[in-house]
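In: Test case, fold it:
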Amino acid sequence: MERSRTPNESSFPHVSINTSDGSRAAEVTLLTQLDVGAGDAIATATGARQAQHAHFNDALDEPSARLSGPDLSAGDNAALYTFSVGRKGHPFHRHAATRVFTAISGSGGTRLRFIAAGSACDTPQDMQQALRHVEIPADCLFTVRMAANTWHQFEPLRGNGRHPALFAVSCHPDETAGALDPALQAQVMRGEADLASLTELMPAALQQHTQQAEAWTSVLSFDPLPRQAWACALLRRHAGQLRQQLVQRCPRSGTRSHRLPALQERSSHHLPPNSLLAQQLPHHHHQDHVEVQLDQRWLGGSNPEQLLTALLTAFIQQPAGSVSGLMRLRNLLARPLRLRTSSLGCPVSSLLSDTPVQRFAGRFPVLATAIKANSAQVLLGADDRHLQFRSSVTVQRDGELITFSLSTRVYCHNPFGHLYMAAVDPVHRHFIAPKMLKTAVNCLLEEAATALPAGRAAIVTA
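Out: The predicted structure is shown next:
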């Protein structure tokens, strides 16, 4: 792999990628370096806001929201989107028209992959000639300009899947441009297009060539010396994770003025009525239930299904830092025993599963769902060598009250499973499950509080 580092520039580090005929395929420019750990914090917070947008779409491993569509009657064909790329990156794809976006890299940095020759590549040798990588350092603001039909893929640069790749605001200068099929063109003209519908995924055969080819790589950096860049990257990766843990313990900027309510959980050994867990693991050895109750007015009138979607998003994107620390310790001890590992606590750890099961809200892997006018519920779970667990996450509305609940059942397969649960049960029942639920609900409250009209906070605290 050939690598080149940008010289020590007095302005913005920049690289331009051209096709074999000399036309521009992509341009990438670094704008500024942000605070240590800011990339992860911004990507996580804005990703959570994006998920609540009325035009949010979670597809193709590239969650996005249409902020502003074209005004075709006024001759304005431009559109504005946000999109995020998570810890696993997204697949190679292209768009029929020019794209311009500004993004913030995660605290592990970002790798941008481009194919300057488009669909002309049909062998590994062609791919190696056309494949170009651009490495973006951690916690940076940068811009990308891509020509129409440029294949591209974005992924975290470092961090072993612990950092998001980027969060971006993307401008489509002309939403109607490019060779769109008639159905998609009609969708655009109706103002109903989204980022996923305007995306063409790379064929599987061509995708295989990208995995085999070695790419010529440009390394953009504000640090002129490689050792300085390496030390800075190491610091930012660890600081990004630490910063996210601190965010869970400290109120975000502006939330104190809303006087959010102190959450009190209620724990029980019994399941609530109509729980999906009632028919699961009938000969279970462990069962617990925890719930938090709130006044509906704190949550801005969202319905139970919307609140459940937001709750599951918070479980994944903003987990309780203290529980994450316990899970890292548990995973370290479990690996030699060949047990299942996850960065999330076991009540919701299956949300990170890649197993092909049902999808709630189009993205969350679940075993079952139950959606009614006043409630929404999903069933989660996984099987391991020593035990099986099933969990239900429920949002129930009763008049002006909203109840969030998390229930768990465990069946032990063998003596080790019983020994494991004897040690874990008190911690799970009295700390892990309550902490995870309260942290996720607090995330919902903070997001809703920013949208409350003036004076609304005083009303709901009465």
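In: Now do stretch 138-158: distance from first to last residue.
Out: Between the opening and closing residues of stretch 138-158 lies a distance of 9 Å (C-alpha to C-alpha, to the nearest Å).
In: Distance from that stretch to the middle of the chain?
Out: Relative to its chain's centre, stretch 138-158 lies at 17 Å (C-alpha atoms, centre = their mean, to the nearest Å).
In: Same check on stretch 378-398?
Out: Using C-alpha atoms, centre = their mean, the mean C-alpha position of stretch 378-398 is found 21 Å from that of the whole chain.
In: Just the C-alpha atoms of it, please, in CSV.
Out: Coordinates of each C-alpha in stretch 378-398 appear next as CSV, following Å, rounded to 0.1, in the frame of the first residue of the first chain:
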residue,chain,number,x,y,z
VAL,A,378,-40.5,-5.8,21.9
LEU,A,379,-39.0,-9.1,22.9
LEU,A,380,-35.2,-9.5,22.9
GLY,A,381,-33.0,-12.4,23.8
ALA,A,382,-30.0,-14.7,23.0
ASP,A,383,-28.8,-18.2,23.7
ASP,A,384,-25.4,-19.1,25.2
ARG,A,385,-23.6,-22.2,26.3
HIS,A,386,-24.5,-21.8,29.9
LEU,A,387,-27.9,-20.0,29.8
GLN,A,388,-30.7,-18.4,27.7
PHE,A,389,-32.1,-15.0,28.4
ARG,A,390,-35.2,-13.2,27.2
SER,A,391,-36.0,-9.6,27.9
SER,A,392,-39.0,-7.4,27.1
VAL,A,393,-38.8,-3.6,26.7
THR,A,394,-42.2,-1.9,27.1
VAL,A,395,-43.6,1.6,26.8
GLN,A,396,-47.2,1.8,28.3
ARG,A,397,-49.4,4.9,28.4
ASP,A,398,-52.1,5.2,31.1
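In: Could you shift the numbering so residue one becomes 55, and keep it that way?
Out: In the new count, where the first residue is 55, that last one comes out as stretch 432-452.
In: buried sites along it?
Out: Of the residues in stretch 432-452, those scored as buried under the neighbour-count criterion (16 or more other C-beta atoms under 10 Å) are 432-436, 438, 440-451. C-beta here means a position set from N, CA and C on the backbone, and glycine is covered the same way.
In: What about these, which are in strands?
Out: Among the buried residues of stretch 432-452, the subset assigned to strands under DSSP state E consists of 432-436, 441-451.
In: Farthest-apart pair in those residues, please.
Out: Spanning the widest gap among these are 441 and 451, at 33.2 Å by C-beta to C-beta.
In: picking that back up, tell me the one of the ones in strands among the buried residues of stretch 432-452 nearest residue 129?
Out: For residue 129, the closest of these turns out to be residue 449, at 44.4 Å, with distances computed as C-beta to C-beta.
In: Which strand residues bridge residue 133?
Out: Beta-bridge partners recorded for residue 133 (DSSP bridges): residue 226.
In: what about stretch 392-412, start to end distance?
Out: Counting by C-alpha to C-alpha, the length from the leading to the trailing residue of stretch 392-412 is 27 Å.
In: and what of stretch 477-490?
Out: From start residue to end residue, stretch 477-490 stretches across 19 Å - C-alpha to C-alpha.
In: Pull out the buried residues from that stretch.
Out: 478, 482-483, 486-490.
In: Show me the shaky parts of this protein.
Out: By pLDDT under 70, the low-scoring segments of the chain are 55-64, 171-182, 213-214, 263, 265-268, 277-316, 318, 354-355, 410, 503-516.
In: where exactly do the helices run in it?
Out: Residue ranges of the helices in the chain, as given by DSSP state H, are 92-105, 178-184, 236-243, 258-266, 280-303, 358-371, 375-388, 469-481, 487-503, 510-514.
In: Many thanks, we can stop here.
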